[in-house]
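Engineer: Need the 3D shape of this:
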Amino acid sequence: MTEFATQRLIIGILKTIYENNDPIGARLIADKMDGRGYSLGERGVRYHLKILDANGFTQRVGYSGRIITKKGIAEINNALVGDRMGFVISRIHEMLYSTTFDPYKKSGNIIINLSIMDKDDLDRNKELIHTVIQKGYTVSPRCHIFEEGANVSNIAIPQGSVGIATICALTIDGVLLKQGIPIETKYGGIIQVDNGTPVRFTDLISYTGTSLDPITIFMSKRMTDVMGILDNDSGLLLGNLREAPIIAHEKIMDIISLLNGADIGGVIGHIHAGDTVLSAPISPGKIGIPIYAGVNPLAVLVEKGIEVTTHPVSLIMDYSEMNTIF
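Structural biologist: Numbers count the residues shown, from 1 in each chain. Now for the predicted structure:
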């Protein structure tokens with residue numbers, strides 16, 4: 001095996017451990033790696049785990065298996081560009097497949113964003129977050145608060161901080177997929193709002209053409225202007241766009257209506273076919289579905305200079321656990 005192939009294999013094992021919320025053993029890693037196209041076997045995985053342990057990328061937790069360390073996560077982030085590009089869209093596909101939310105029963109698993117911030121900052125800015133949510137510039141008013149010390153999908157909540165789980169817009173993609181509608185998650189972007197009306201995407205990043213999540217990029221660069229919308233009805237918001245077949249239009253609208261009844265929404269304006277939706281290109285025979293990002297209520301805090309670390313498309317949670325309503 002070449003050095004290049006070995007590096008890809010190592011990154012594959014690290015990703016497999018990273019994506020598992022709990023310690024994971026060699027046998028399960030081998031099964032998951034087989035699904036990625038690597039037929040290592042349990043013995044081969046154990047060999048590479050010893051190397052990863054020795055380099056400080058993984059850590060053994062008794063007889064339960066391995067967890068990834070901060071150094072291991074950094075190694076993933078510094079991986080080959082091609083692998084990182086594939087990681088974003090592959091993770092989205094896995095999350096969509098894992099979505100089990102039933103809009104008729106209002107139960108099942110949904111996709112979550114995780115944002116971490118100082119507990120005192122949250123207490124001081126709850127009213128501001130509430131205002132963004134009440135104006136409809138997010139997916140849902142429902143969230144879950146993780147207290148300090150919690151370990152969420154291999155992400156530790158530091159002392160003095162809280163983790164805020166918000167419903168990700170890609171939950172809607174997952175629900176449509178499970179209802180038999182072919183859905184393609186296309187872009188993350190910035191939506192310009194004038195006089196309270198969304199008018200166009202000013203910036204777009206394709207989920208298939210990036211090594212980082214688009215929402216992470218836009219938030220870290222502070223490209224939003226949510227405060228401008230709250231103060232003057234004009235500004236910039238985070239959003240994303242997906243495509244679906246025109247023939248499924250009526251069924252999509254019915255499902256979106258059901259989701260609204262479960263406090264899951266954020267779909268922008270009237271869904272229609274055409275060359276563009278909010279100036280974003282749409283493929284022939286498709287309709288474009290723009291949706292506000294679930295982390296817009298946190299983006300406004302970033303604008304104020306408050307430190308918020310956000311992990312979009314972070315994990316799967318049961319809808320019943322979204323028990324806090326802003």
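Engineer: Pass me the low-pLDDT residue ranges in the stretch 151-300 of the chain, would you?
Structural biologist: Applying pLDDT under 70 to the stretch 151-300 of the chain flags residues 211.
Engineer: Do a quick rundown of the strands in the stretch 1-150 of the chain.
Structural biologist: Taking DSSP state E, counting those that start in this stretch as the test, the strands found in the stretch 1-150 of the chain are 58-61, 65-68, 109-118, 142-146.
Engineer: do you know which of these lies nearest residue 193?
Structural biologist: strand 109-118 (20.8 Å; C-beta to C-beta). Glycine gets a C-beta too; all of them are placed from N, C-alpha and C.
Engineer: between the closest one and strand 142-146, how big is the angle?
Structural biologist: Per axes from the mean of the first three to the mean of the last three C-alpha atoms, to 10 degrees, the angle that strand 109-118 makes with strand 142-146 is 50 degrees.
Engineer: Which parts of the chain are helices?
Structural biologist: 3-18, 26-35, 41-54, 70-77, 81-98, 119-134, 170-178, 214-220, 226-232, 249-260, 296-303 (DSSP state H).
Engineer: coming back round to it: can you redo the strands of the stretch 1-150 of the chain as a markdown table with mean pLDDT?
Structural biologist: Converted to a markdown table, the strands of the stretch 1-150 of the chain look like this (pLDDT from 0 to 100):
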| stretch | mean pLDDT |
| --- | --- |
| strand 58-61 | 91 |
| strand 65-68 | 91 |
| strand 109-118 | 96 |
| strand 142-146 | 95 |
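Engineer: Count the residues that sit near the closest residue to residue 212 other than its chain neighbours.
Structural biologist: With sequence-adjacent residues excluded and distances taken as C-beta to C-beta, 6 or more residues apart in numbering, residue 212 is closest to residue 88, at 7.0 Å. Residues lying near residue 88 (other C-beta atoms under 10 Å) number 23.
Engineer: can I get the strands of the stretch 1-150 of the chain in JSON lines with distance to residue 281 and mean neighbour count?
Structural biologist: Output for those, formatted as JSON lines (distance: least, C-beta to C-beta, whole Å; neighbours: other C-beta atoms under 10 Å):
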{"stretch": "strand 58-61", "distance to residue 281": "42", "mean neighbour count": "17"}
{"stretch": "strand 65-68", "distance to residue 281": "38", "mean neighbour count": "22"}
{"stretch": "strand 109-118", "distance to residue 281": "25", "mean neighbour count": "23"}
{"stretch": "strand 142-146", "distance to residue 281": "32", "mean neighbour count": "19"}
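Engineer: Determine which of those strands approaches residue 170 most closely.
Structural biologist: Closest to residue 170 of those, according to C-beta to C-beta: strand 109-118, at 5.0 Å.
Engineer: Let me know the angle separating the closest one from helix 170-178.
Structural biologist: Angle of strand 109-118 versus helix 170-178, following the same axes, to 10 degrees, is 170 degrees.
Engineer: Give the pairing partners of strand 109-118; include direction for each.
Structural biologist: Strands adjacent to strand 109-118 in the sheet, as given by DSSP bridges, are strand 161-167 (antiparallel), strand 308-318 (antiparallel).
Engineer: Let me know which of these is the nearest to residue 70.
Structural biologist: strand 308-318 (13.2 Å).
Engineer: Restricting to C-alpha, output that closest one in CSV.
Structural biologist: The C-alpha trace of strand 308-318 is given here as CSV (Å, rounded to 0.1, in the frame of the first residue of the first chain):
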residue,chain,number,x,y,z
VAL,A,308,-20.0,31.0,19.7
THR,A,309,-18.5,27.8,18.3
THR,A,310,-21.0,26.2,15.9
HIS,A,311,-20.9,22.6,14.5
PRO,A,312,-23.6,22.5,11.7
VAL,A,313,-25.1,19.1,10.8
SER,A,314,-23.6,17.8,14.0
LEU,A,315,-25.6,14.8,15.2
ILE,A,316,-28.9,12.9,15.3
MET,A,317,-31.3,13.4,18.2
ASP,A,318,-34.8,12.3,19.0
